[in-house]
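1. the sequence isn't on hand, but the structure is:
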């Protein structure tokens, strides 16, 4: 990223073509066509910059393309400029109105609060088979989301996967796009920590897991194992289904274990990210010997 | 609720005054002035109707004031009409456009999906001291939210409190309003299962907890107890703080225990509802002897 072609005098306005292009990244088809996505807010932008520093220190190229900060964000989060300097990037100044226009979604007023920090990055694309290869042969916990719909849940699952020390997250074909702005926001930076793959074909993935000796645990209210009376295997894939319909029947039936989370009160069910939290930390506790 | 004064022929339109009044319940001040709130979607409406049936069977008056269903919602969720009949309520028909107009928030296109079902109810107002009295003297787990901001988190905490068998949720002064539409939606009906109080003065509440022998556990990354190596007391209040700033210093320092959730990966922190999930289910497991 260089600024030699951008004269300092050409300040962006909310109506600049560049701003409209960034706003358009709210759309999945635009992200796919351009191979880029938008990163909003100081926390996510910092995580992206930290990833840039890591990648460059290991001789790999980064994904950052553009970085915009308001004066206020620059003052409130001086580490952003410092991290950017370590990868030879100079943030471009923007007014709050420009930042606001960058996150405006079609037909909506924005509900996002980017707090004066926006970046654009090239799509993180990992091949799901490479991701499996990277797991090696030791203990590992992974998450497989089948037809997960809600971007907030997708982001929360990334964040909890990260916090619980999980190795990777796989999103099936038909799942929410992990590069959607709401997912990036909800992941609170974990998108840049936990490797993930998207549009993964479920049948092939499940076959590969079997070949590699990674057990599968389907989470379902119809499960026969009580999560809290079960010791998750050292190499395990947690299978999480659709918010409304759960896992597909064949995936539920084909799993090595079917695990239910006990409901102690009157609630009909748990939120999907809540269920994932309990499962992932159960694996973490077992790995840590803390159970 | 009777319809005698509403002629059958007067179908609502998106521009009816009654529709505008329901849409206005998106605003906190309107909810407070009118003492009513809006309930959206078949799941939440069903939970409200189930509460009506329970209350009336015990000789208490309900809170339901108005109920609207599209033809499609009526066909997809026949139990709604059946439950309504048990409390002598006839749902009023509405077109999808009318339902859409009822959830439109000022300056926004709606992001809600009420799926053809809307109710209006009188505010659930429980006095926080009465709520403490109802806990009795046996084991109990409660949640206290101090300056919780995010409506999605507030709703998720209600849902998880319910699922984990907690007895009550207290929202401090300065917290999100639990009767806000987003909270009602995210609670997935648990708002009508778990008793809660709002605008609770923290100082007085903490004093009362002490008097009643209910221990307090502050959740904080700075905690000295490891959640997974700790046995929560049988009578416990989990104190959850603000999303950005955590608990106030004096509340954190004054708590009987300060509990941290171990982070096994690189995530900076857990989402607040995620943290509450792990704490509440830890209490549930201890109560159930499943640890």
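-> Cool, the structure landed. Remember, predicted model here, so these are calculated numbers, not experimental data. Numbering: from 1, shown residues only, chains lettered A, B, ... in the order given.

2. show me where the stretch 151-291 of chain A has helices.
-> A:151-163, A:181-187, A:202-211, A:249-254, A:272-288 (DSSP state H, counting those that start in this stretch).

3. show me what contacts the residue of the stretch 51-200 of chain A found nearest chain B?
-> Using CB to the nearest CB, the closest approach of the stretch 51-200 of chain A to chain B is made by residue A:165 at 3.2 Å. In this view, the C-beta of every residue, glycine as well, is placed from N, C-alpha and C. The contact partners of residue A:165, by CB atoms under 8 Å, 6 or more residues apart in numbering or on different chains, come to A:141, A:284, A:287, B:264, B:265.

4. residue contacts, the closest residue to it other than its chain neighbours?
-> Excluding its sequence neighbours, the residue lying closest to residue A:165 (CB to CB, 6 or more residues apart in numbering or on different chains) is residue B:264, at 3.2 Å. Counting by CB under 8 Å, 6+ apart, residue B:264 touches A:163, A:164, A:165, A:284, A:287, A:288.

5. can you check the pLDDT for residue B:264?
-> The predicted structure scores residue B:264 at 93 on the pLDDT scale.

6. coming back round to it: which among the contacts of residue B:264 end up buried?
-> A:163, A:164, A:165, A:284, A:287 (16 or more other CB atoms under 10 Å in any protein chain shown).

7. same list (those residues) but as CSV, adding pLDDT and distance to residue A:78.
-> Formatted as CSV, those follow (pLDDT from 0 to 100; distance: CB to CB, whole Å):
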residue, pLDDT, distance to residue A:78
A:163, 97, 26
A:164, 97, 31
A:165, 96, 30
A:284, 95, 34
A:287, 88, 37
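
8. let me have those residues in CSV, extended by distance to residue B:181.
-> Formatted as CSV, the buried ones among the contacts of residue B:264 follow (distance: CB to CB, whole Å):
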residue, distance to residue B:181
A:163, 30
A:164, 32
A:165, 36
A:284, 35
A:287, 40
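
9. where does the prediction get shaky in the stretch 101-250 of chain A?
-> Along the stretch 101-250 of chain A, the parts satisfying pLDDT under 70 run over A:105-112.

10. of the contacts of residue A:165, closest to residue B:136?
-> Nearest to residue B:136, judged by CB to CB, of the contacts of residue A:165 is residue A:284 at 35.4 Å.

11. the closest one reaches residue A:141, doesn't it?
-> Yes. Contact status for residue A:284 versus residue A:141: in contact at 7.4 Å, counting by CB atoms under 8 Å.

12. now do the shared contacts for those two.
-> A:164, A:165, A:166.

13. how about the contacts made by the first one?
-> Applying CB under 8 Å, 6+ apart to residue A:164 gives the contacts A:141, A:277, A:280, A:281, A:283, A:284, B:264, B:265.

14. how is chain A divided into domains?
-> For chain A, automatic domain parsing gives the domain ranges A:17-122, A:128-288.

15. buried deepest among the ones you listed, which one?
-> Neighbour counts (mean count of other CB atoms under 10 Å in any protein chain shown) averaged over each of those peak at domain A:128-288, with a mean of 20.

16. how long is that one end to end?
-> For domain A:128-288, the first-to-last residue distance is 27 Å (CA to CA, to the nearest Å).

17. same question for stretch A:30-48.
-> Note: stretch A:30-48 ends 21 Å apart using CA to CA.

18. mean confidence for that stretch?
-> Rounded mean pLDDT across stretch A:30-48 is 95.

19. that one close to chain B?
-> Yes. Part of stretch A:30-48 sits close enough to chain B to count as contact by CB under 8 Å from any CB of the partner chain, namely residue A:43.

20. now that stretch, how far from the centre of its chain.
-> Its chain's C-alpha centre and that of stretch A:30-48 lie 11 Å apart, by CA atoms, centre = their mean, to the nearest Å.

21. same check on stretch A:19-38?
-> So, by CA atoms, centre = their mean, the centroid of stretch A:19-38 is 17 Å from its chain's centroid.

22. quick one: contacts of that stretch?
-> Taking CB under 8 Å, 6+ apart as the rule, stretch A:19-38 contacts A:12-13, A:65-66, A:98, A:101-106, A:118-123, A:125, A:177, A:179-181, A:184.

23. who touches the residue lying closest to residue A:213 once chain neighbours are set aside in this structure?
-> Closest residue to residue A:213 apart from its sequence neighbours, by CB to CB, 6+ apart: residue A:235 at 6.0 Å. Contact analysis of residue A:235 by CB under 8 Å, 6+ apart lists A:138, A:139, A:140, A:212, A:213, A:214, A:215.

24. just checking, the third one touches residue A:167?
-> Yes. The criterion here is CB under 8 Å, and residue A:140 meets it with residue A:167 at 4.5 Å.

25. tell me, what residue is most central in chain A?
-> Central residue of chain A (CA atoms, centre = their mean): residue A:191, 3.6 Å from the mean position.

26. tell me who's in contact with that residue.
-> A:44, A:47, A:124, A:155, A:158, A:178, A:183, A:184 are the contacts of residue A:191 under CB under 8 Å, 6+ apart.

27. out of these, which is nearest to residue B:60?
-> residue A:155 (41.1 Å).

28. and the gap between the nearest residue to that closest one once chain neighbours are set aside and residue B:208?
-> Computed as CB to CB, 6+ apart, the closest residue to residue A:155 that is not its neighbour in sequence is residue A:186, at 2.4 Å. With distances taken as CB to CB, to the nearest Å, residue A:186 is found 36 Å from residue B:208.

29. cool, residue A:100 as well?
-> In terms of CB to CB, residue A:100 sits 44 Å off from residue B:208.

30. what's the answer for residue A:99, then?
-> 45 Å.

31. ok, residue A:11 next?
-> From residue A:11 to residue B:208 the distance is 56 Å (CB to CB).

32. next: residue A:84.
-> In terms of CB to CB, residue A:84 sits 50 Å off from residue B:208.

33. just to revisit the earlier point, among the helices of the stretch 151-291 of chain A, which comes closest to residue A:88?
-> helix A:181-187 (23.7 Å).

34. list of residues touching the closest one?
-> A:25-26, A:37-41, A:44, A:103, A:105, A:112, A:151-156, A:158-159, A:162, A:176-178, A:191, B:271.

35. over to stretch A:67-87?
-> Applying CB under 8 Å, 6+ apart, the set of residues contacting stretch A:67-87 is A:1, A:12, A:42, A:45-46, A:49-50, A:52-53, A:56, A:62, A:64, A:89-96, A:98-99, A:102, A:115-119.

36. so which of those are in helices?
-> A:42, A:45, A:46, A:49, A:50, A:52, A:53, A:56, A:96, A:98, A:99, A:102 (DSSP state H).

37. tell me which two of these sit farthest apart.
-> A:56 and A:96 (30.3 Å).

38. I'd guessed residue A:201 sits against residue A:173; true?
-> Yes. In this structure residue A:201 lies within contact range of residue A:173 using CB under 8 Å: 6.0 Å.

39. no further questions, thank you.
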